[in-house]
Every structure is written in structure tokens, then in C-alpha cells.
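S.K.: I would like to see how this sequence folds:
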Amino acid sequence: MPDHTQSNIMILVADSDDDARSYIAGLLQNFGFKVIQAVNVGSAIKVLQEWPIDIAFIAEKLPPDDGFEVARHVLLKNMKTNLVMLTIDPTTDLLLEASQNGVGQVMKSPVEPDRLIQTVKRTLRAMGKNADSIGADHEKAYSPEDIMVRVFALADQNAKARLGGPFAAIVTDPQGHILGEGVNSVTTRSDPTAHAELIAIRRAAEKIGRPRLDGCVIYCSAEPTMLGQALIISTGIAKVYYGLSHEESGATRVNDQGILGEITKPLDQRSVAYEQIEKERAMRVFDEWKALKNNIAD
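M.R.: Modelled structure (predicted):
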């Protein structure tokens with residue numbers, strides 16, 4: 001059988017969630033793949049019967065029953081389609097059922113863009129198809145709308161998994177390449193700094209290897225907290241996209257107005273007591289630091 005070129009690899013994306021399905025389909029189309037979408041078991045099977053599908057991404061929760069109905073049909077008809085199951089909770093039982101029904105891989109939703117493309121590449125190589133050129137002519141840059149779809153998917157998953165509120169953030173470079181992601185986990189991690197924006201910014205800085213994010217963009221499910229806004233400004237992020245304002249979200253957040261009121265007061269008028277001690281010793285430490293050659297500022 002002749003090797004497919006990238007443009008005639010056919011992929012099925014079957015998911016009843018319109019946003020999740022369109023997001024995955026859009027990512028794949030950006031890389032030059034032909035994508036057909038399905039919203040339930042019946043339409044997915046119809047696509048498989050009518051088109052030579054190479055890879056099928058099937059949501060576990062696919063109505064009316066589940067995505068395994070599609071997998072069983074592929075097994076029964078001895079189709080050559082490679083199956084990837086999408087699930088919010090990849091439990092051991094689900095992995096076992098997937099293996100028993102001919103599913104080659106299970107991916108956690110919401111899907112990470114890079115992992116999605118790597119999965120396609122791996123699957124195509126296993127099929128004996130050339131996957132080396134995938135992405136060569138298609139940079140992994142996404143539109144603000146595409147990125148916000150993922151932000152909301154991360155936020156929704158975080159809330160439903162009881163890991164935190166529906167707060168998620170993604171940092172990209174100016175061209176739309178994803179650098180870092182984060183979800184709110186202040187309560188579950190007992191970490192008062194574990195705001196979605198802070199985690200996303202931290203991961204972005206680690207990825208590029210420097211603390212400044214000049215010109216980068218951050219996407220948030222809701223308006224950033226005061227802590228997040230301070231870090232956004234101090235790292236040089238150029239633009240913020242957000243879904244809802246504090247008022248619109250109706251969520252209980254840190255009292256940002258209270259914080260703003262406090263930090264504008266002189267130290268001796270704040271509600272938290274400040275006292276300067278050991279000034280001379282502190283000055284010696286800082287003087288020695290300033291005298292160091294090639295000292296690090298931060």
C-alpha cells in the first residue's frame with residue numbers, strides 16, 4: 001500500500017462536547033490533516049463505514065452509551081483504524097477495558113496540543129507511514145479563540161474533579177505558541193500562591209529559561225487576582241485575555257480591593273505590623289552583594 005502524504009491522512013474526532021471536538025479538530029487541521037467530526041456513536045460508525053479513517057479519537061462518554069461501542073464495531077469489522085480513547089479519568093479499569101477492545105492509546109482530556117500531535121506521529125509510525133515531516137511546515141501557533149477553548153476545558157475539569165475552582169490560565173509567546181499552563185489549586189495543595197496565573201507563568205518562565213516574559217500573552221478563564229496581576233506586570237507580559245470579570249464570575253476570591261487599599265498605605269499604617277530591625281547587619285549583607293562581580297539581581 002503506498003505511503004500517505006500528510007494531507008491525505010484521515011482522522012475522525014468523535015465527541016458530543018462541541019467545544020472539545022472542534023478544538024481537537026482545529027489543531028489537527030492546522031497540521032494539514034483531513035478531519036471528520038462525529039457527535040455520537042451512530043455518526044462515528046457511519047463515518048468509519050464510509051471513509052478510510054487512519055486514526056480515530058473517540059471520547060469515552062460518547063452517547064448514547066459510550067465510546068467503546070465504536071471500538072467494538074472496529075474490532076468486529078476488522079477495520080485498520082487506530083483508536084485513541086479520550087477520557088477525563090484514565091483509571092486502571094478503563095485502561096484494561098480499552099486494551100480488551102482494541103484501543104491503542106488512552107489520552108487524558110482536555111488534550112494537550114503537543115501531546116496530541118506526538119500521539120498522531122507515533123501512531124502513523126506504527127502504521128508504517130512517514131511522520132517525520134509533520135509539523136515541519138506548520139508551527140504550533142494557535143489563535144486566541146483556540147487557546148481560550150483549552151483554558152475553559154482546563155477550568156471545567158479542575159472544578160469537576162474537585163481540585164479547585166474553575167480557574168485556569170495559559171501563557172503563550174507573541175506568536176501563539178503555548179509556553180505554560182496552570183489551574184487553581186490553592187486549597188488542595190495548601191499553597192496560597194497556587195493561583196492558575198502564577199503556575200502558568202512559572203512554567204512558562206521555566207520553559208524558556210528566563211524570568212522575563214516580555215511580549216508574551218496570558219489567557220485566563222477569569223480576571224486575574226491581585227497576586228496574578230502583580231506577577232503579570234513584573235514579568236513583562238504584554239496582554240491579558242480573560243473570560244469573566246471578578247463581578248461576573250460570582251466566585252469568592254481573595255479581597256483584591258482590600259489588598260490594593262493596604263499596599264497604598266505607608267508601612268506604619270497597615271493592618272499587618274511592620275518593624276525594621278538589624279538594619280546595620282542587613283546593610284552589610286547588601287553591600288557585600290553589590291560588590292560581587294557578576295552578581296545576580298533577583
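
S.K.: so where's the stretch 51-200 of the chain uncertain?
M.R.: Low-confidence segments of the stretch 51-200 of the chain (pLDDT under 70): 131-140.

S.K.: now the helices: where do they sit in it?
M.R.: Remark: helices assigned in the stretch 51-200 of the chain by DSSP state H, counting those that start in this stretch are 68-76, 92-100, 113-126, 144-160, 196-208.

S.K.: okay, the ones you listed, which one's buried deepest?
M.R.: Among these, ranked by average contacts under mean count of other C-beta atoms under 10 Å, first place goes to helix 196-208 (a mean of 21). Using the backbone N, CA and C atoms, a C-beta is placed for each residue, glycine as well.

S.K.: Which strands and helices lie in contact with that one?
M.R.: Using 3 or more C-beta pairs under 8 Å, 6 or more residues apart in numbering; DSSP states H and E, the elements in contact with helix 196-208 are strand 168-172, strand 178-183, strand 217-222, helix 226-235.

S.K.: Buried residues, the last one. List them.
M.R.: I take that to be helix 226-235. Neighbour-count burial for helix 226-235, counted by 16 or more other C-beta atoms under 10 Å, picks out 226-229, 231-232, 235.

S.K.: Leaving out chain neighbours, which residue sits closest to residue 295?
M.R.: Nearest non-adjacent residue to residue 295, counting by C-beta to C-beta, 6 or more residues apart in numbering: residue 289, 5.8 Å away.

S.K.: wait, doesn't the one you found sit right on residue 296?
M.R.: No: judged on C-beta atoms under 8 Å, residue 289 makes no contact with residue 296 at a distance of 9.0 Å.

S.K.: Between those two, which is the more surrounded one?
M.R.: Neighbours per residue (other C-beta atoms under 10 Å) separate residue 289 from residue 296, with residue 289 holding more: 11 against 6.

S.K.: can you pull the pLDDT of the more buried one?
M.R.: Residue 289 carries a pLDDT value of 91.

S.K.: any idea how far residue 58 is from it?
M.R.: Applying C-beta to C-beta, to the nearest Å, the value for residue 289 to residue 58 is 58 Å.

S.K.: cool, and residue 17?
M.R.: Using C-beta to C-beta, we find residue 17 at a distance of 13 Å from residue 58.

S.K.: now swap in residue 190 and tell me
M.R.: Distance of residue 190 to residue 58, computed by C-beta to C-beta: 37 Å.

S.K.: More neighbours: the two, which one.
M.R.: A count of neighbours by other C-beta under 10 Å puts residue 58 above the other of residue 190 and residue 58, at 27 against 8.

S.K.: Check whether that one really touches residue 71, as I assumed.
M.R.: Yes: between residue 58 and residue 71 there is a contact at 6.8 Å, judged by C-beta under 8 Å.

S.K.: Give me the common contacts of those two.
M.R.: 83, 85, 103 (C-beta atoms under 8 Å, 6 or more residues apart in numbering).

S.K.: Thanks a lot, see you next time.
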